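Visitor: Predicted model and sequence follow; I will ask about them next.
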Number of protein chains: 2
Amino acid sequence: MVSATVSTTGSGAADGSARTASADGRSAPLSRQAVIDHALALADVDGPAAVSIRRIAQDFGVTPMALYWHVKNKDELLAAMGDRILDTIDLPDRKPASGLEELRGLLAVLVDALHRHPGCTALAQQRVLACDSGRQLAERALDILRSNGFGVRQSADLSRAALQTSIMLVSGRPGAETATPQDERAAVLAGKRAALVGLPADRFPHLVECADALTDCDDEAAYYGAGIDLYLAGVTALQQCQAAAAR
Amino acid sequence: MVSATVSTTGSGAADGSARTASADGRSAPLSRQAVIDHALALADVDGPAAVSIRRIAQDFGVTPMALYWHVKNKDELLAAMGDRILDTIDLPDRKPASGLEELRGLLAVLVDALHRHPGCTALAQQRVLACDSGRQLAERALDILRSNGFGVRQSADLSRAALQTSIMLVSGRPGAETATPQDERAAVLAGKRAALVGLPADRFPHLVECADALTDCDDEAAYYGAGIDLYLAGVTALQQCQAAAAR
DNA sequence: ACCTGAACACCGTTCAAGT
DNA sequence: ACCTGAACACCGTTCAAGT
């Protein structure tokens, strides 16, 4: 285990080449960024529940209290993880001519950013209105909605729905299993599928029929695209409905 | 503190009238149902993080290990909490003539059930395909979608979206703050609103404008109704779009 | 059938102390 | 500036033992 990113055995400081918490080579120095990155990696591999101060310290070959120099406490670490996810978003250029269609690109970049750490969507969600990159995202969504005829209340609710749609698409993707450690995911998923297939066909005909579709997402891009389409179709219908009521 | 439901001071067995963990009168006997109910109450009042085996035991005036007679372990307790939420749903009658509109009633009862324990939506979500009442709900959603012309894949994805839309409406409602203990919610919310209002108006004009709408939901029924409408508009548009492509 | 006592392996966190 | 040691108040859980 010379340069393991996230070792399941998790005895980071056993041998001489300790501090092998990062991917590139060995001996990643302890730093705020390194701690946050490793926490995200931990969440990806072993599930968000595996993120603990003590575990991170162990993986860096350092004492738990060492982390408190780089991070205020665990809550602040979790917030920083959410911020980091949102920071990777680079907002598409504004193109006011395209109407509500412009929302599509916005949701796409958000989904993309969330998809890199699917077990941490909740952390990102909590930071949308709290960190700068999240606020830029929300501001952009509101801008598009406001300039397409929606009022304050409706723009607020629809922008919320946009962000939450993205989050639910990623965290609720069939077969995501973000809470389960990576190496158990296949087994857990197979179990769930088997449970659905084995259901009494007279009571749950559709669950049996859809068992595969409910537990696996063969085409991620199509899945996300369809989810974004659904939201957009709803918003567009709402806009037309209101335009009709106005005249 | 004779018959407090969830006492913040939390010394359940201090006086003689211990075991006052339930609402009606005093001395609720320890039982599986009582444990689950109290766990839900705890989550509602002090946030889901406050649900612990030791805290529940304390509120019942009993030793932590006593709970393990009624509940296998904490994970099983959390699952039972989710089941309990879904069990309160009573499914509306089928009315095949109404087309996709029938989904509206389904989402409404789900939103209603979730809204009673808004901090526990994630627990319910994880149990939808795992417990009987959740499966009935999913089966019904699939039934409506399948009998309105959607294929297996699309019905699976749209039924997921339906459930997740409900969950996001409840847990993401402006001003919900389900993670914060009840008595801090007002203060936390005021802080968030103030942070938005105080944002630089040149960079975030819409966030400033929408600060109130983003942090408060003056009309819950209207909010939930509009959210369900949005989903339904999307699904209906999708249906028409496909019908057009088919001919 | 239902509960307790003692014990274990985990948490996050503080505070004084080291270099 | 950056890290450690010892200590505290929490967790969930097991297991043998009580009634």
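Guide: Yep, it's here.
Visitor: touching chain B at all, the helix or strand that contains A:Tyr224?
Guide: Element membership of A:Tyr224, judged by DSSP states H and E, is helix A:220-246. Yes: contact of helix A:220-246 with chain B (CB under 8 Å from any CB of the partner chain) involves A:223, A:226-227, A:229-238, A:241. For every residue, glycine as well, the C-beta is placed using N, CA and C.
Visitor: just how off-centre is that helix within its chain?
Guide: Distance of helix A:220-246 from its chain centroid, counting by CA atoms, centre = their mean, to the nearest Å, is 22 Å.
Visitor: who's in contact with stretch A:221-233?
Guide: Residues outside stretch A:221-233 that contact it (CB atoms under 8 Å, 6 or more residues apart in numbering or on different chains) are A:100-101, A:103-104, A:107-108, A:111, A:115, A:161-162, A:165-166, A:169-170, A:173-174, A:217, B:154, B:157-158, B:161, B:230-231, B:233-235, B:237-238, B:241.
Visitor: the inter-axis angle of the helix holding A:Tyr224 versus helix B:220-246?
Guide: Here the directions of helix A:220-246 and helix B:220-246 differ by 110 degrees (axes from the mean of the first three to the mean of the last three CA atoms, to 10 degrees).
Visitor: What are the buried residues along helix A:220-246?
Guide: A:223-239 (16 or more other CB atoms under 10 Å in any protein chain shown).
Visitor: hmm, back to that, out of the residues of helix A:220-246 next to chain B, who's nearest DNA strand D?
Guide: Closest approach to DNA strand D among these (CB to the nearest atom of the strand): A:Tyr223, at 33.5 Å.
Visitor: Next one, pLDDT for the closest one please.
Guide: Predicted confidence (pLDDT) for A:Tyr223: 97.
Visitor: Over to A:Ala28?
Guide: For A:Ala28, the pLDDT comes out at 80.
Visitor: Enumerate the residues of chain A near DNA strand D.
Guide: A:29-30, A:62-63, A:65-66, A:68-70 (CB under 7 Å from any atom of the strand).
Visitor: quick one, domains of chain A?
Guide: Using automatic domain parsing, the domain parsing of chain A gives A:1-71, A:91-173+A:217-246, A:182-214.
Visitor: Now the terminal residues of the shortest one, how far apart.
Guide: Pointing back at domain A:182-214 there. From its first residue to its last, domain A:182-214 covers 19 Å (CA to CA, to the nearest Å).
Visitor: So which bits of stretch A:60-68 are buried?
Guide: When burial is assessed from 16+ other CB under 10 Å, stretch A:60-68 yields the following buried residues: A:60-62, A:67.
Visitor: Out of those residues, flag the one nearest to chain B.
Guide: Using CB to the nearest CB, A:Leu67 comes nearest to chain B of the buried residues of stretch A:60-68, at 20.6 Å.
Visitor: Say whether DNA strand C is contacted by the helix or strand harbouring the closest one.
Guide: Element membership of A:Leu67, judged by DSSP H and E, is helix A:67-70. Yes: against DNA strand C, helix A:67-70 shows contacts by CB under 7 Å from any atom of the strand at A:Tyr68.
Visitor: What is the subsequent helix or strand relative to that helix?
Guide: Going down the chain from helix A:67-70, the next helix or strand is helix A:74-87, by DSSP H and E.
Visitor: before we move on, back to that, any idea which of the residues of chain A next to DNA strand D the model trusts least?
Guide: Out of these, that is A:Pro29, at 91.
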